[in-house]
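1. sequence-free structure coming up:
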């Protein structure tokens, strides 16, 4: 395309760029015969990218050619180029720009307002860009499984039967923990059936490549993985095990406060004042802070249950620290026995429940200690999924949500904005 002239817009900011096609001929799109017979001219006004802060208006006085082939059913056609196809109201580079802007994390509505385009048009070009790069994921060696909440539940009424059904609020996420696959896909619900169906859809060859699966302490996920991937090693994330110990410690502190003081904790209570120090790792406490916390609870908490629960939490952390030091199996067994003995001898219900949970998940916990595989990248993917939902102010269409969040979680590897 050649620029014929550039003119200012009367009374408006921006410029008008008049363009023309240098060739005085065109090929019929139906039969391919070249024609030079011009029947009439038509002016098209496609929207284009702004130049800096100035708006650019494009004016193309297109020629309509008559097809000279007698047998061609098409009698006339209008000249066009790849950037401005027939009946196009937007240039190709503007379409690519809005698609890249949405792919980089902006909302469709914000991009549409900036470039003066409608929501459906921006979303259509973004969907085409995303679908071109979001192909079937490759099988990972290490697979991470976790769930995120999609939104508030809604009740839908069946028009035929008249029954009400509740929409699923959660999505199960499948993440590549060993490569650059990012978010591999999502399944509706946080049930074992959702996991089994998603994995079976991938096929036997895909599933045979998965060697390790990292999950949270969720029994439904463990059962589903054993059913769909019987050869894979299941690893439970150590972060959630420590979170269970902190939860047990908090429950002990709250129960002791209610029993001893007959009320909830107050700022003047030593156990309330040290509630955050109790949840902090021992190595993150200075010697002065640790001594003050320990002595205060010894002097003002006569039952000693809070410090007992704190020691149980630290014993669990010591056991899980064997993953960093690559401790031999003898050391792991000794620390496990010490944890179980401490919880059993304490007689505290919360610690006994904690020990039973660790025992129920011990094969998966031992797998974490030996493989050092965590679900940290899956948790990071969950954050990106939530960020994408916040930018879009929620999603009404499930397919749009899955496309958007998967692109947001894998753009670092597929780079759709390049």
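-> Nice, I can see it. Remember, predicted model here, so these are calculated numbers, not experimental data.

2. Show the contacting residues for the residue lying closest to residue 138 once chain neighbours are set aside.
-> The shortest distance from residue 138 to any non-neighbouring residue, by Cβ to Cβ, 6 or more residues apart in numbering, is to residue 181 (6.1 Å). C-beta: built from backbone N, CA, C; applies to glycine. Residues near residue 181 by Cβ atoms under 8 Å, 6 or more residues apart in numbering: 137-138, 140, 175, 410, 413.

3. can you rerun that using 7 Å?
-> Shown in contact with residue 181 (Cβ atoms under 7 Å, 6 or more residues apart in numbering): 137-138, 140, 410.

4. Same list, those residues, but as CSV with distance to residue 165, pLDDT and neighbour count please.
-> CSV is the format used below for the contacts of residue 181 (distance: Cβ to Cβ, whole Å; pLDDT from 0 to 100; neighbours: other Cβ atoms under 10 Å):
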residue, distance to residue 165, pLDDT, neighbour count
137, 30, 87, 18
138, 35, 89, 12
140, 34, 94, 22
410, 32, 81, 23
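
5. Give me the residues contacting the longest strand along the chain.
-> In the chain, assigned by DSSP state E, the strand with the most residues is strand 56-66. Residues outside strand 56-66 that contact it (Cβ under 7 Å, 6+ apart) are 9, 14-19, 26, 35, 37-46, 48-50, 75-79, 84, 91.

6. Quick check: the residue nearest to residue 138 vs residue 209, distance?
-> Using Cβ to Cβ, to the nearest Å, residue 181 is found at 12 Å from residue 209.

7. what's the answer for residue 106, then?
-> Look at residue 106 and residue 209: by Cβ to Cβ, they are 35 Å apart.

8. of the two, who's got more company?
-> Between residue 106 and residue 209, counted using other Cβ atoms under 10 Å, the more crowded position is residue 106 (17 against 13).

9. Without its sequence neighbours, what residue ends up closest to the more buried one?
-> Spatial nearest neighbour of residue 106, excluding adjacent residues (Cβ to Cβ, 6+ apart): residue 391 at 7.0 Å.

10. can you tell me the distance between the two ends of stretch 155-162?
-> One end of stretch 155-162 to the other measures 12 Å (Cα to Cα, to the nearest Å).

11. sec struct for the residue of the chain most remote from its centre, please.
-> Distance from the C-alpha centroid of the chain peaks at residue 70, with 57.8 Å (Cα atoms, centre = their mean). Using DSSP: H, G, I helix; E, B strand; the rest coil, the structure places residue 70 in coil.

12. Report pLDDT for it.
-> Each residue has a pLDDT score; the one for residue 70 is 88.

13. Report the separation between residue 31 and residue 189.
-> Using Cβ to Cβ, we find residue 31 at a distance of 54 Å from residue 189.

14. ugh, wrong one, residue 156
-> To residue 189, residue 156 is 15 Å away according to Cβ to Cβ.

15. can you check residue 161 too?
-> Distance, residue 161 to residue 189, by Cβ to Cβ: 22 Å.

16. which one of these two has more residues nearby?
-> Neighbour count, other Cβ under 10 Å: between residue 161 and residue 189, residue 189 has more, with 17 against 8.

17. For the more buried one, which residues are in contact?
-> Contacts of residue 189 (Cβ under 7 Å, 6+ apart): 168, 170, 172.

18. can you list the residues you listed in JSON lines and add neighbour count?
-> Converted to JSON lines, those look like this (neighbours: other Cβ atoms under 10 Å):
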{"residue": "168", "neighbour count": "18"}
{"residue": "170", "neighbour count": "17"}
{"residue": "172", "neighbour count": "24"}
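
19. before we move on, the earlier item: just put the contacts of residue 181 in CSV and tack on distance to residue 316.
-> Shown next, in CSV, are the contacts of residue 181 (distance: Cβ to Cβ, whole Å):
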residue, distance to residue 316
137, 35
138, 36
140, 29
410, 35
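
20. got those residues as CSV, with secondary structure and distance to residue 194 columns?
-> As requested, these are exported to CSV (DSSP: H, G, I helix; E, B strand; the rest coil; distance: Cβ to Cβ, whole Å):
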residue, secondary structure, distance to residue 194
137, coil, 17
138, coil, 21
140, coil, 19
410, helix, 21
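
21. which pair in these spans the largest distance?
-> Greatest spacing in the contacts of residue 181, by Cβ to Cβ: 140 and 410 (12.5 Å).

22. on that earlier part again, in strands, which of the contacts of residue 189 appear?
-> Among those, the members found in strands (DSSP E) are 170, 172.

23. quick one: which of the contacts of residue 189 is nearest to residue 263?
-> Closest approach between the contacts of residue 189 and residue 263, by Cβ to Cβ: residue 170, at 36.6 Å.

24. Would you list the phi and psi of the closest residue to the closest one other than its chain neighbours?
-> The shortest distance from residue 170 to any non-neighbouring residue, by Cβ to Cβ, 6+ apart, is to residue 190 (4.2 Å). When read as degrees, to the nearest 10, the backbone of residue 190 gives phi -120, psi 50.
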